[in-house]
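**Q** Make a model of this:
(one chain, ligands or ions: 2)
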Amino acid sequence: MGVAKIKELEHRLFRDDEFWKKIPGWAAVDRETFREHTWQLRNSIRKFDQVKSVLGKLATPELMSDIEAGLKRTPMNIRITPYIFSLINWEDPWNDPLRKQFLPMGSQFLDDHPMHQADSLSEDEDSPVKLLTHRYPDKVLFLPTTICPVYCSYCTRSRIIGGSTESVAKDSYGANKKYWDDVFDYLRTQPKVEDVVISGGDSYMLTPDQLEYIGMELLKIPHIRRIRYATKGIAIFPQKIITDGEWMMALSKVHQFGKSYGKQVVIHTHFSSPLEITKWSQRAMERLFHEGITVRNQAVLQVGVNDSVEVMIQLTRQLSFLNIQPYYVYMHDMVPGCEHFRTTLREAIELEKAVRGTTAGFNTPTFVCDLPGGGGKRHVASYEYYHEEYGISVWKAPYVKPDQTFLYFDPIHKLAPEIQKRWHDESERNKMIEEAKSFVKS
Ligand SMILES: *Cc1c(COP(=O)(O)O)cnc(C)c1O
Ligand code: SF4
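**A** Ligands and ions are numbered 1, 2, ... in the order given. Just a heads-up that it's a prediction; the model follows:
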């Protein structure tokens, strides 16, 4: 077999070494212990001092001062499972895609784009009742919790998720049942709604009782046909699927109940890098597949994480191999503290072109831009006009909000120096925006 052929099959090999033993603090942890979801939760890294103590001699002063600066600036708290923490390449943490996602460093930040917004997708505006966004006629987004098993530095809901930080005060509500019944009452009055996304926060952090309560209450509403539990869990904490019997039982119960009513109960997860995928992911997916639970993936396109053709194809192939359907790749939302992660629209379009054709159509992710201002998700190539030089794209959402025009902006640091200068001048900035908009009939 030629070398090229072997490379084609690389995506089927999943690491199963004891990689956590390279972390000085966990050198003595055996496989049985590492496998326990309770151990993973208890040993998750939540504070600067824990990073330092578990890294031991790997915690160089240069590294630690960069992390300290990062924690001052980020809108998100840190919370990293030992699984993910030990998959980081600590020989070169600066360039590691996992470190980039979960452990912010001061040296990486860029100034926010002038058009950024804390609630970039206007989820709060389209909210008829607390914890619910109802933007599309037949589907809704329900946020029953504000906690997650890991906190992503780039979270699109950094305004509420994960508790206050040095830079953002938050109105987090944990997993607060008090408001849930109001959501169910509202949904009972909305016969058009067939589809509920249960997100947050992360469904992994719902207790088995909560998971079951929410699932059952929703499935009992006659017009609701489909529910999806959104969780990043499979990507960052597969041990829970393998060893948390009670949680799996609750999920399985809701799934079976749905099935008996002819309704879909699925999981949407969030892998962004092939480095998150190991034999542990495969074991977790074998269990879910055996239960008959469909799993789809929503990745976020990020510089230095997955913005290359090679990585995106590898991610797509590996997920497909594990029976996870690559569903979406999102362009980065324009939320605070994320400018260094964002790509241009052109980069997203080129990646989509490169990925399409590499595997089955149903395993080919759709690259979408969730429009700032609440226009909803649009295919990246479906803009009305794209002024590449200015980094401004103009969009319509004919079904969702027919009378409005929406704008997405490329990161300024990727534009030509003279255009960057114009972006820093408010009146020049407005001129560029008006010019781009003038190409589209309102
Ligand atoms: C993403 C989203 C949904 C679900 O959209 P799909 O394209 O069906 O995955 C529903 N409501 C809101 C507000 C959303 O942002
Ligand atoms: S898992 Fe989702 S909700 Fe939680 S921090 Fe990450 S992106 Fe935000």
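**Q** C-alpha only now, for contacts and for neighbours.
**A** OK.
**Q** Could you pull out the helices in the stretch 1-150 of the chain for me?
**A** 3-8, 31-35, 37-42, 48-55, 61-73, 82-85, 97-102 (DSSP state H, counting those that start in this stretch).
**Q** Just put these in CSV and tack on mean pLDDT, mean neighbour count and distance to ligand 2.
**A** Output for these, formatted as CSV (pLDDT from 0 to 100; neighbours: other C-alpha atoms under 10 Å; distance: least, C-alpha to the nearest ligand atom, whole Å):
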stretch, mean pLDDT, mean neighbour count, distance to ligand 2
helix 3-8, 61, 9, 31
helix 31-35, 98, 14, 21
helix 37-42, 98, 16, 15
helix 48-55, 96, 16, 18
helix 61-73, 96, 16, 15
helix 82-85, 98, 22, 13
helix 97-102, 98, 22, 9
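**Q** Compare those helices and give me the one nearest ligand 1.
**A** Nearest to ligand 1, of all those, is helix 97-102, at 20.9 Å by C-alpha to the nearest ligand atom.
**Q** chain center to the closest one: distance?
**A** Taking C-alpha atoms, centre = their mean, to the nearest Å, the mean C-alpha location of helix 97-102 is offset from the chain mean by 12 Å.
**Q** Any chance you could list what contacts it?
**A** 78-80, 84-85, 87-88, 93-94, 150-154, 273, 275-276, 304-306 (C-alpha atoms under 8 Å, 6 or more residues apart in numbering).
**Q** List buried residues within these.
**A** 78-80, 84-85, 87-88, 94, 150-154, 273, 275-276, 304-306 (16 or more other C-alpha atoms under 10 Å).
**Q** which parts of the longest helix along the chain are buried?
**A** Secondary structure assigned by DSSP state H gives helix 245-260 as the longest helix of the chain. Under the neighbour-count criterion of 16+ other C-alpha under 10 Å, helix 245-260 has 247-248, 250-252, 254-258 buried.
**Q** could you pick out which of those are near ligand 2?
**A** Filtering those for proximity to ligand 2 by C-alpha under 6 Å from any ligand atom leaves nothing.
**Q** Run through the residues that contact the closest residue to residue 207 other than its chain neighbours.
**A** Leaving aside its sequence neighbours, residue 207 sits nearest to residue 247 (C-alpha to C-alpha, 6 or more residues apart in numbering; 7.0 Å). Neighbouring residues of residue 247 by C-alpha under 8 Å, 6+ apart: 207-208, 241.
**Q** Name the helix or strand for residue 228, please.
**A** Using DSSP states H and E, residue 228 maps to strand 226-230.
**Q** Next secondary structure element downstream of that strand?
**A** Sequence order places helix 233-236 as the next helix or strand after strand 226-230, per DSSP H and E.
**Q** so does that next one get close to ligand 2?
**A** No - figure legend: helix 233-236 not in contact with ligand 2 (C-alpha under 6 Å from any ligand atom); closest approach 7.7 Å.
**Q** Buried residues, the helix or strand just after that helix. List them.
**A** With elements assigned by DSSP H and E, the helix or strand that comes after helix 233-236 is helix 239-243. Across helix 239-243, burial judged by 16+ other C-alpha under 10 Å covers 239-242.
**Q** do stretch 195-210 as well
**A** Counting neighbours by 16+ other C-alpha under 10 Å, stretch 195-210 gives 195-206, 208, 210 as buried.
**Q** Just the residues contacting that stretch, thanks.
**A** By C-alpha under 8 Å, 6+ apart, stretch 195-210 touches 138-149, 161-162, 175, 211, 224-233, 246-251.
**Q** Narrow these to those that are buried.
**A** With burial judged by 16+ other C-alpha under 10 Å, the buried subset of the contacts of stretch 195-210 is 139-149, 161-162, 175, 211, 224-233, 247-248, 250-251.
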